[in-house]
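>>> Here is my input, please return the structure:
(one chain, ligands or ions: 1)
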Amino acid sequence: MGRLKDKVAVITGGASGIGESTVKLFIEEGARVAFSDQDGQRGIALSKEIKSTGSDVLFVEAKMELEDQAVSFVQRAADHFGQLDILVNNVAIRMFQTVVEASQESWDKILSVNVKSYAFCSKAAIPLMQKQGGSIINIASNNAFIAGINTVQYDTTKAAITGLTRGMARAHSEEGIRVNAVCPGPTFTPFHMQRAKKSGIKEEEFKEEFARPLMLKRPGTPEEIAACILFLASDESPFVTGSFIFADGGQTAM
Ligand SMILES: NC(=O)c1ccc[n+]([C@@H]2O[C@H](COP(=O)([O-])OP(=O)(O)OC[C@H]3O[C@@H](n4cnc5c(N)ncnc54)[C@H](O)[C@@H]3O)[C@@H](O)[C@H]2O)c1
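Next comes the predicted model:
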């Protein structure tokens, strides 16, 4: 408790999965939090749930791949809470096409959501952090380092996030801004629950299959990923920048 006391955090894609767990954990740890999502219904429901516990939270329905919406989300959060200390770039989509099947349209879409949105939110956040310093956490994936099954576009975007992380860390270190990435491995979220349902597979069977390539033989939970994000966001990691935390049940090391 209190590891983010007096901090203001913005989190993209916060209405579901890892983003939702991060919103909840950051609030538990004393932060004031703003989150965005394109899913207005889930965002409003989560925001109501949090407010009913007496915590302040700001939800903004927005599409993060659009520069004006990304920038205005970050700016609104800073205006609402009066400062900005932490940015978690979390939003992402998946596509399942080979390079032969992929089109200009699908490349534009996935690069915009998974890469450009991280750059746009950072562009808005960095000037607001320059006075007091800050921490930016980019959610990449261990697919930045190992090939997923038919996920070449997603893997490409996640590898790009590792470059963005190193580049921003170096460019802004003297302003007191740390930039790191978390690389989750298979983590069971509502997205996977829906995938299992759509393919007519029982949740337990899906999880077993999902976990087969991992040392730990079980998928991660969104809460376990949020705990790594918290470490990088907090003052417990002052010497960590330009770095990656693998939270992947040992998959990348095998
Ligand atoms: N779950 C995993 O197994 C796993 C593994 C490795 C990396 N990751 C990464 O973790 C992050 C979160 O993943 P998750 O599984 O929790 O995802 P999720 O699909 O459960 O949640 C993503 C959220 O982003 C929102 N969103 C999608 N596109 C948007 C857009 N254009 N603008 C605004 N909001 C948008 C969705 O509505 C959703 O609420 C992603 O960056 C993902 O690549 C997840």
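>>> Distance of the residue nearest the centre of the chain relative to residue 217?
Note on the chain: the residue nearest the mean C-alpha position is residue 90, at 1.8 Å, using Cα atoms, centre = their mean. Residue 90 sits 26 Å away from residue 217, going by Cβ to Cβ, to the nearest Å. Any C-beta I mention is one placed from the backbone N, CA and C, and that applies to glycine too.
>>> about what we covered before: roughly how far apart are the residue nearest to the centre of the chain and the ligand?
5 Å (Cβ to the nearest ligand atom, to the nearest Å).
>>> my read: that residue touches residue 19, true?
Yes: at 4.5 Å, residue 90 and residue 19 qualify as touching, with contact defined as Cβ atoms under 8 Å.
>>> Need the overlap of contacts for those two.
11, 12, 13 (Cβ atoms under 8 Å, 6 or more residues apart in numbering).
>>> Beta-bridge partners for the second one, please?
Each beta-bridge partner of residue 12 is listed here, defined by DSSP bridges: residue 36.
>>> can you tell me which residues contact it?
Contacts of residue 12 (Cβ under 8 Å, 6+ apart): 19, 35-37, 64, 70, 73, 88-91, 117, 121.
>>> Now pLDDT too, for those residues, in TSV please.
What follows is the contacts of residue 12, written out as TSV (pLDDT from 0 to 100):
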residue	pLDDT
19	98
35	98
36	98
37	98
64	98
70	98
73	98
88	99
89	99
90	98
91	98
117	98
121	98
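>>> Could you identify the buried members of these?
19, 35-37, 64, 70, 73, 88-91, 117, 121 (16 or more other Cβ atoms under 10 Å).
>>> Which two among these are spaced furthest apart?
Spanning the widest gap among the buried ones among the contacts of residue 12 are 19 and 70, at 14.7 Å by Cβ to Cβ.
>>> Name the residue of this structure that lies nearest to the ligand.
residue 17 (2.2 Å; Cβ to the nearest ligand atom).
>>> one step back: which ones among the buried ones among the contacts of residue 12 map onto helices?
Counting by DSSP state H, the part of those found in helices is 19, 70, 73, 117, 121.
>>> These also near the ligand: which ones?
Filtering those for proximity to the ligand by Cβ under 6 Å from any ligand atom leaves residue 19.
>>> which intervals of the stretch 1-150 of the chain have sub-threshold pLDDT?
Applying pLDDT under 70 to the stretch 1-150 of the chain picks out no residues at all.
>>> now with 90?
Within the stretch 1-150 of the chain, the segments meeting pLDDT under 90 span 1, 131.
>>> Please enumerate the strands of it.
8-12, 32-37, 57-61, 86-89, 134-139 (DSSP state E, counting those that start in this stretch).
>>> which residues touch the closest residue to residue 253 other than its chain neighbours?
Sequence neighbours aside, residue 215 is the residue nearest to residue 253 in space, at 7.1 Å (criterion: Cβ to Cβ, 6 or more residues apart in numbering). Contacts for residue 215 (Cβ under 8 Å, 6+ apart) come out as 249, 250, 251, 253, 254.
>>> The longest helix anywhere in the chain - contacts with which helices or strands?
Across the chain, the longest stretch assigned as helix under DSSP H is helix 152-172. Contact here means 3 or more Cβ pairs under 8 Å, 6 or more residues apart in numbering; DSSP states H and E; on that basis helix 152-172 packs against helix 104-111, helix 117-129, strand 134-139, strand 177-184.
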